[in-house]
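Trainee: I'll drop the sequence and a predicted model, then ask my questions.
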Amino acid sequence: MLLACVLLALVPAARQAAYAQTVKANPCSVSAGRDIRDSAVTVICGYTPEQVRELIQAAGLDAEAAKTRVKALSEKLRVSAEALVQFFRILGENRVEDEELPSKLLEIAKLYREALDRLAVLRGKDPRTAALVDEARRVFEAGDYAKANELLAKAETIHKEARRQAALLRKEAAEAERREAMAEVGMREERGRISLARLAYLEAADHFRVALDLTPEDEQSRRSALRWAMASALYRQGDEKGDNEALRSSVAAFRAALAERTRERVPLDWAMTQNNLGGALAALGQRESGTGRLEEAVVAFRAALEEYTRERVPLDWAATQNNLGTALAALGERESGTGRLEEAVVAYRAALAEYTRARVPLHWATTQNNLGAALAALGERESGTARLEEAVVAYRAALEEHTRERVPMNWAMTQNNLGAALAALGERESGTVRLEEAVVAYRAALAERTRERVPLDWAMTQNNLGAALAALGYRESGTARLEEAVVAFRAALAERTRERVPLDWAMTQNNLGNALIALGRRESGTARLEEAVVAFRAALEERTRERVPLGWAATQNNLGNALMALGRRESGTARLEEAVVAYRAALAEHTRARVPLDWATTQNNLGNALATLGERESGTGRLEEAVVAYRAALRERTRARVPLLWAKTQTDLGLALHMIGDRYDDPELLGQALAALRAALEEYTQERFPHERASILGSVRQLEELMRKYRR
């Protein structure tokens, strides 16, 4: 699942659930329904994103026609032509995507104009610094950022020296020191704004931090604004550039801001800060293996909702409801119960009461996407398919507004999530249509989710693609799809490292192990199976029972599968005994009440391990235990619900009963075996499963011959 949170006001919204204040259009601005950074932009001053990119390229060639167009656009943006060319250079250096060009260009132009206005009042009384500031304003207006920064730094140095000398004077010196200190603060703050215009967020945060340190304690309003600016820059660094340390610093800065922006004094600002704190915590929590950050995020969002009421600020209330849903859903995915996921669904549906398609179409689409993710997570834990079908409906609704042309990254995110829901449905159906649709959706997502642009999202979709290919491979006699799946999983692990995203790394190790088992079963050697055991044991280092009980149980089940496959190729029983231990461990969390289909799968697998052990023993104790396990599995593996899995368990049950009947020379047991195998043939048709059908028919003929002997 891919979810994210929304930061309000000065903090840009997070990538997937980006909800901030509504932006209104003027004749030369971007019209968008959320934070300007993440909005869908069609035109700026009459220029489309494609035309802006064309103009940037033409300006780089210094064409005469381009100069005319640059001059025309600079006049509309109220900047100099030289400055506009510098803006183009900044956009190129930062590899800004086409769809973001208009909003980023407008943002930089706005910061540029504001800087010019501020520079006009920064002259001060010292003629030396006044001259430097005048010159800085002149070169800045011409687009020479480096020279402007250098001149301001010189002016700052002069003020700093003047402040040091003024400190030697008594009362007059103290007043002069304060005056020069505030002037120095202004210079440093302006350098931070210039860094923001260059998208150099860490540099900007450092400038704001220095300015904050210089600001006197009694300048509370100024200190609060600087702290906010620092936290905002740190958040953008962490969110946009995957810098976890910057996110941690952002959390600390927002918490410090809460001490200044108290609920009693400025309740709405306090709520905004709580929301933004929650966003930073949630972003960190989704990248870390523990749940502490996510729990803190839930607390912060719920605090924000105490002041962000629907009656007072309906859109901010909806944004925070969405963010709350994101944190709850992330927690729910790591817990064995469904309570958090149900709460997430409630929060998303609450947000949609204000986030309507007519009012804020992109907000509506993002929340539909998030709702789909929560429904899909619930659906994977239920035996029916209703929730999964609801998730597919929600994702397809989101894609009506999340188009590739308008918001390519959100389109890719929703394609990825749609693929996951289709794959979950496909695994429960006998056909392959849904699985093929899932592969198509994942490959569509990868057209925009490239490794260079969004490495972790690219890795997520590679992992999901691998899972869908593996599911198809399990149903085919060849190995091509399985080999593709292994390639996809190993690609994902190039970015999903244990250090960066431990739980995601463990998930992909688990998936890789499953594909290796399937390949190993179709090969004569044991190398792939041994690799699978290594992958599962690696996954269990992070997928612990305490941290992710259902994930731990799934990997224990899969480890049992690998050990059983190895045990069948060895003469001893040690691996088979280990497999039984692994399956029984899995059943401690894979309970029938909690995850009925997973419980049934593990029961079936346990039956297989016991049956294999029973084949090698003279008694029938293990075989009888296997029959108990198979019959338990069939309580949930019904033909109506999961026809192929039902047929598989019927086959396994029939073979176990056949062995017991042979040893006891019991026609009743042999008759039960024959009935089970004949039932399996109803799904294992000649057209779809010729090899499986041929194998089962061989056993059926043997049993029919035995039964004829008993009748004589």
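Mentor: Nice, I can see it. Numbering: from 1, shown residues only.

Trainee: From here on, just use CA atoms for contacts and neighbour counts.
Mentor: Will do.

Trainee: what sits against Met134?
Mentor: Met isn't right for residue 134; it's Asp. 119-120, 123 (C-alpha atoms under 8 Å, 6 or more residues apart in numbering).

Trainee: Switch these over to CSV; also include secondary structure, pLDDT and neighbour count.
Mentor: What follows is these, written out as CSV (DSSP: H, G, I helix; E, B strand; the rest coil; pLDDT from 0 to 100; neighbours: other C-alpha atoms under 10 Å):
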residue, secondary structure, pLDDT, neighbour count
Leu119, helix, 80, 21
Ala120, helix, 78, 14
Arg123, coil, 71, 19
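
Trainee: Can you tell me which of those residues is closest to Ala353?
Mentor: Set against Ala353, the nearest of those by C-alpha to C-alpha is Leu119 (45.2 Å).

Trainee: Looks like that closest one contacts Leu132 (just checking).
Mentor: No. Taking C-alpha atoms under 8 Å as the definition, Leu119 is not a contact partner of Leu132, at 10.4 Å.

Trainee: ok, back up a step: Asp662: which of the contacts of Asp134 is nearest?
Mentor: Leu119 (95.6 Å).

Trainee: Quickly note the distance from that closest one to Ile660.
Mentor: Using C-alpha to C-alpha, to the nearest Å, Leu119 is found at 92 Å from Ile660.

Trainee: re the thing from before, reformat the contacts of Asp134 into CSV and put distance to Arg227 next to each item.
Mentor: Shown next, in CSV, are those (distance: C-alpha to C-alpha, whole Å):
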residue, distance to Arg227
Leu119, 22
Ala120, 24
Arg123, 25
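
Trainee: just those residues now: which is nearest Thr403?
Mentor: Leu119 (41.9 Å).

Trainee: What residues does the closest one make contact with?
Mentor: Counting by C-alpha under 8 Å, 6+ apart, Leu119 has contacts 133-134, 136-137.

Trainee: Take the residues you listed and write them to a markdown table, including secondary structure, distance to Lys154 and pLDDT.
Mentor: Below are these laid out as a markdown table (DSSP: H, G, I helix; E, B strand; the rest coil; distance: C-alpha to C-alpha, whole Å; pLDDT from 0 to 100):
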| residue | secondary structure | distance to Lys154 | pLDDT |
| --- | --- | --- | --- |
| Val133 | helix | 9 | 85 |
| Asp134 | helix | 12 | 87 |
| Ala136 | helix | 10 | 86 |
| Arg137 | helix | 13 | 86 |
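
Trainee: Which of the helices and strands in this structure ranks last by mean pLDDT?
Mentor: Least confident helix or strand, the chain: helix 49-60 with a mean of 81, by mean pLDDT, DSSP states H and E.

Trainee: buried ones in that helix?
Mentor: 49, 51-53, 55-59 (16 or more other C-alpha atoms under 10 Å).

Trainee: Name the nearest of those relative to Glu692.
Mentor: Taking the buried residues of helix 49-60 together and measuring to Glu692 by C-alpha to C-alpha, the closest member is Pro49, at 55.7 Å.

Trainee: Excluding residues flanking it in the chain, which one is nearest Asp457?
Mentor: For Asp457, ignoring the flanking residues on the chain, the nearest one in space by C-alpha to C-alpha, 6 or more residues apart in numbering is Arg449 at 6.5 Å.

Trainee: quick revisit: could I get the buried residues of helix 49-60 as CSV with distance to Tyr308?
Mentor: As requested, the buried residues of helix 49-60 are exported to CSV (distance: C-alpha to C-alpha, whole Å):
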residue, distance to Tyr308
Pro49, 35
Gln51, 40
Val52, 38
Arg53, 40
Leu55, 43
Ile56, 42
Gln57, 45
Ala58, 47
Ala59, 46
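
Trainee: The lengthiest helix in the chain packs against which elements?
Mentor: Longest helix in the chain by number of residues (criterion: DSSP state H): helix 171-197. Judged by 3 or more C-alpha pairs under 8 Å, 6 or more residues apart in numbering; DSSP states H and E, helix 171-197 is in contact with helix 101-120, helix 145-166, helix 201-214.

Trainee: Return the second one as CSV; C-alpha atoms alone will do.
Mentor: Output in CSV follows, covering the C-alpha atoms of helix 145-166 (Å, rounded to 0.1, in the frame of the first residue of the first chain):
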residue,chain,number,x,y,z
TYR,A,145,22.2,34.6,-7.3
ALA,A,146,25.8,33.8,-6.4
LYS,A,147,26.9,37.5,-6.6
ALA,A,148,23.8,38.6,-4.6
ASN,A,149,24.6,36.0,-2.0
GLU,A,150,28.3,37.2,-1.9
LEU,A,151,27.3,40.8,-1.5
LEU,A,152,24.8,40.1,1.2
ALA,A,153,27.4,38.0,3.0
LYS,A,154,29.7,41.0,2.9
ALA,A,155,27.0,43.2,4.2
GLU,A,156,26.3,40.6,6.9
THR,A,157,30.0,40.6,7.8
ILE,A,158,30.0,44.4,8.1
HIS,A,159,26.9,44.3,10.4
LYS,A,160,28.5,41.5,12.4
GLU,A,161,31.6,43.6,12.9
ALA,A,162,29.6,46.7,13.7
ARG,A,163,27.6,44.6,16.2
ARG,A,164,30.8,43.4,17.9
GLN,A,165,32.1,47.0,18.3
ALA,A,166,28.7,48.3,19.4
